[in-house]
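Colleague: Sequence plus the predicted model coming up.
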Amino acid sequence: MAKKTKKIIFTVLPILLGVFLIVYFVSQLSAEDKTAIINSFKTANYWWVLLSLVCGALSHFSRAYRWKFMLEPLGYKPKFPNLVMTVLISYLVNLVFQRAGDVARATAISKYEEIPFEKSLGTIVAERIADVIMLLSIIAIAFFLQADLIKSLLIKEDSNPMQTIFILLILGIVAVVGFYFLKKSKNAFAIKVRNFISGLIEGAKSILKMKNKWAFIFHTVFIWVMYVMMFYVVTFALPETTNLPFEAIIVGFVVGGISMALTNGGLGYYPFFVAKVLVLYGIAENPANAFGWIMWTAQTLMILVFGGLSFLFLPMYNKEK
């Protein structure tokens, strides 16, 4: 398959799937369901949604400031407004062309700060390694918080203890064989996984050797704390989601974050999957759906507005160039 054809497929297909999920979701709603969801939107406390957007804005500012720690050792001192606007532009581009935001960000900062494209892109890749480590850490926390749930699935009151031991033994054997396969295999997929893990380890080591490593680590943690807070504070916007347990918030955040990677900006996916998580924690389906749509709409509007303004003001701010 030609590269151009594959690129078109991987760009268009996620959008079509997202649109399909939206159409499917609406088609499954009764008139009463639609009324209930609309009422949830009308009665939601949007001050909490606004606070969520403030957390999102702080994460974007922190991401821009963190980027400075990667560029300064290379001999560049870009203006902070340029860093902020190029970061916002990257989010906006990702809504249209998945995974193209980082290229747009590197291109824009190269144009207005005269930083070579390959160097700026290299710093962004290094940043992404730190972000992947944080995401994996949050996923691990989610699994840890759900240990009792996993245990209840494996060990039921009426189950045979030997059956549970057998299941755990099989899982252990699969894990050992999988580790050996990844370590020794010459399979293309196994090599990619090995290289990915090696890249994470090398990236983590390079961060620890950085001059401003503690400032970089602080901003990395702060960015992801703000991401979680964006999700958490919106739970207070609806009475039905106000008392969600912490594990539900973490699991919902993780599922929402993964759904963002499935299609452009989580179109269709984000509200659908987040609602499914909330239902598992006892939230009625209609307010769960309303929460997912409020959360996704707020995030998307913020990116559209501030990303669009950045596209407009970036050349004006750098008019001498």
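Modeller: Happy to help now that I have it. Residues are numbered from 1 along each chain as shown.

Colleague: how much space between Thr35 and Asn286?
Modeller: Distance, Thr35 to Asn286, using Cβ to Cβ, to the nearest Å: 9 Å. Heads up, the C-betas are built off the backbone N, CA and C, glycines and all.

Colleague: Neighbour count: the two, which is higher?
Modeller: More neighbours surround Asn286 than the other of Thr35 and Asn286, with 20 against 12 (other Cβ atoms under 10 Å).

Colleague: And the more buried one, what's its pLDDT?
Modeller: In this model, Asn286 is scored at 85, pLDDT.

Colleague: Which neighbouring elements make contact with the helix or strand that contains it?
Modeller: Assigned by DSSP states H and E, Asn286 belongs to helix 285-317. With contacts defined as 3 or more Cβ pairs under 8 Å, 6 or more residues apart in numbering; DSSP states H and E, helix 285-317 has these neighbours: helix 31-43, helix 46-71, helix 80-96, helix 213-234, helix 269-280.

Colleague: Can I get those in a markdown table including distance to Thr123?
Modeller: Shown next, in a markdown table, are the helices and strands packed on helix 285-317 (distance: least, Cβ to Cβ, whole Å):
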| stretch | distance to Thr123 |
| --- | --- |
| helix 31-43 | 41 |
| helix 46-71 | 4 |
| helix 80-96 | 11 |
| helix 213-234 | 11 |
| helix 269-280 | 28 |
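
Colleague: Sketch out the low-pLDDT regions of the protein for me.
Modeller: Applying pLDDT under 70 to the chain flags the ranges 1-30, 32-34, 36-37, 98, 147-209, 262-267, 321.

Colleague: which of the residues in the helix holding Asn286 are buried?
Modeller: 285-296, 298-300, 302-303, 306-307, 310-311, 314 (16 or more other Cβ atoms under 10 Å).

Colleague: ok so, going back, among the helices and strands packed on helix 285-317, which comes closest to Lys111?
Modeller: Smallest distance to Lys111 across the helices and strands packed on helix 285-317 (Cβ to Cβ): 9.4 Å, for helix 80-96.

Colleague: Compute the inter-axis angle for the helix or strand just after the closest one and helix 285-317.
Modeller: Using DSSP H and E, the helix or strand that follows helix 80-96 towards the C-terminus is helix 101-113. Comparing the axes of helix 101-113 and helix 285-317 via axes from the mean of the first three to the mean of the last three Cα atoms, to 10 degrees yields an angle of 20 degrees.

Colleague: who touches stretch 243-255?
Modeller: By Cβ atoms under 8 Å, 6 or more residues apart in numbering, the residues outside stretch 243-255 that reach it are 138-139, 141-142, 145-146, 227-228, 231-232, 235, 273-274, 276-278, 280-281, 283.

Colleague: number of nearby residues for Ser120?
Modeller: For Ser120, the count of nearby residues is 24 (other Cβ under 10 Å).

Colleague: show me what contacts the closest residue to it other than its chain neighbours?
Modeller: Counting by Cβ to Cβ, 6 or more residues apart in numbering, Ala106 is the residue found nearest to Ser120 once chain neighbours are left out, at 4.2 Å. The contact partners of Ala106, by Cβ under 8 Å, 6+ apart, come to Phe117, Ser120, Leu121, Ile124.

Colleague: And those, which is closest to Val221?
Modeller: Taking Cβ to Cβ as the measure, Val221 sits nearest to Ile124 out of those, at 18.8 Å.

Colleague: most surrounded residue in the contacts of Ala106?
Modeller: Counting neighbours by other Cβ under 10 Å, Ser120 leads these with 24 neighbours.

Colleague: In which helix or strand does it reside?
Modeller: Under the criterion of DSSP H and E, Ser120 resides in helix 117-145.

Colleague: Go through that helix and flag the buried ones.
Modeller: The neighbour-count check on helix 117-145 (16+ other Cβ under 10 Å) flags 119-121, 123-124, 126-127, 129-130, 133-135, 138-139, 141-142, 145 as buried.

Colleague: Equivalent analysis for stretch 268-286, please.
Modeller: Within stretch 268-286, the residues scored as buried using 16+ other Cβ under 10 Å are 268-275, 277-278, 283, 285-286.

Colleague: got those as TSV, with distance to Lys111 columns?
Modeller: Below are the buried residues of stretch 268-286 laid out as TSV (distance: Cβ to Cβ, whole Å):
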residue	distance to Lys111
Gly268	34
Tyr269	33
Tyr270	32
Pro271	36
Phe272	38
Phe273	37
Val274	37
Ala275	41
Val277	41
Leu278	43
Ile283	47
Glu285	48
Asn286	47
